[in-house]
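Peer 1: Okay, here's the prediction I keep looking at, along with the sequence it came from:
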Amino acid sequence: MKIKISADLLDGMVLALLAQNDYYGYALTQDMQAAIEISESTMYPVLRRLQKKGFLTTYDQPFQGRNRRYYQITEEGSKHLAAIKEIWSNYKYSLDQIFFGGRKEE
């Protein structure tokens, strides 16, 4: 069984990785695949959407005679990531209460 990942959570995961390091698309996809099932054909539209919203910027760097496009989080992207982390923390706590701790009766 697979749990579907929402676009907001996917955005947060991408931004979290980019907050640690700049990535080119293939390497970013590989690191994302360590946590979830995602294809390059899914990843690139996510990157374009985040860039269009101003959360990412890009730069090219030569590599073995070709250019690699690197993605870098912006200040706005860092703010958006902080908001996603806060929402995720509250959501995770609520789910953990149901799955592992139960809710106390009031």
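Peer 2: Nice, thanks for sending it over. Note that this is a predicted model, so its numbers are computed, not measured.
Peer 1: C-alpha only now, for contacts and for neighbours.
Peer 2: Will do.
Peer 1: what does the longest helix seen in the chain contact?
Peer 2: Criterion DSSP state H: the longest helix present in the chain is helix 75-96. With CA atoms under 8 Å, 6 or more residues apart in numbering as the test, helix 75-96 has contacts from 8-9, 12, 15-16, 19, 54-56.
Peer 1: can you check stretch 41-59 too?
Peer 2: 11, 25, 29, 69-78, 80.
Peer 1: residue ranges for the strands of the protein, please.
Peer 2: 23-24, 56-63, 66-73 (DSSP state E).
Peer 1: hmm, back to that, figure out how far the longest helix of the chain is from the centre of its chain.
Peer 2: The chain centre lies 11 Å from the centre of helix 75-96; the measure is CA atoms, centre = their mean, to the nearest Å.
Peer 1: Mind listing what's buried along it?
Peer 2: Buried positions in helix 75-96, judged by neighbour count with 16 or more other CA atoms under 10 Å: 77-78, 80-81, 84-85.
Peer 1: Now do that helix against strand 56-63: the angle between them, please.
Peer 2: Using axes from the mean of the first three to the mean of the last three CA atoms, to 10 degrees, the direction of helix 75-96 lies 110 degrees away from that of strand 56-63.
Peer 1: export helix 75-96 as PDB, just CAs?
Peer 2: Included here for helix 75-96 are C-alpha records, laid out as PDB according to Å, rounded to 0.1, in the frame of the first residue of the first chain:
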ATOM      1  CA  GLU A  75      14.700  33.600   1.100                       C
ATOM      2  CA  GLU A  76      10.900  33.300   0.200                       C
ATOM      3  CA  GLY A  77      11.400  29.500  -0.200                       C
ATOM      4  CA  SER A  78      13.000  29.300   3.300                       C
ATOM      5  CA  LYS A  79      10.000  31.200   4.700                       C
ATOM      6  CA  HIS A  80       7.600  28.900   2.900                       C
ATOM      7  CA  LEU A  81       9.500  25.800   4.200                       C
ATOM      8  CA  ALA A  82       9.300  27.100   7.700                       C
ATOM      9  CA  ALA A  83       5.500  27.400   7.300                       C
ATOM     10  CA  ILE A  84       5.200  23.900   5.900                       C
ATOM     11  CA  LYS A  85       7.300  22.500   8.700                       C
ATOM     12  CA  GLU A  86       5.000  24.100  11.300                       C
ATOM     13  CA  ILE A  87       1.900  22.700   9.600                       C
ATOM     14  CA  TRP A  88       3.600  19.200   9.200                       C
ATOM     15  CA  SER A  89       4.600  19.200  12.900                       C
ATOM     16  CA  ASN A  90       1.000  19.800  14.000                       C
ATOM     17  CA  TYR A  91      -0.400  17.400  11.500                       C
ATOM     18  CA  LYS A  92       2.100  14.700  12.500                       C
ATOM     19  CA  TYR A  93       1.300  15.200  16.200                       C
ATOM     20  CA  SER A  94      -2.400  14.700  15.500                       C
ATOM     21  CA  LEU A  95      -1.900  11.600  13.500                       C
ATOM     22  CA  ASP A  96       0.500  10.200  16.100                       C
END
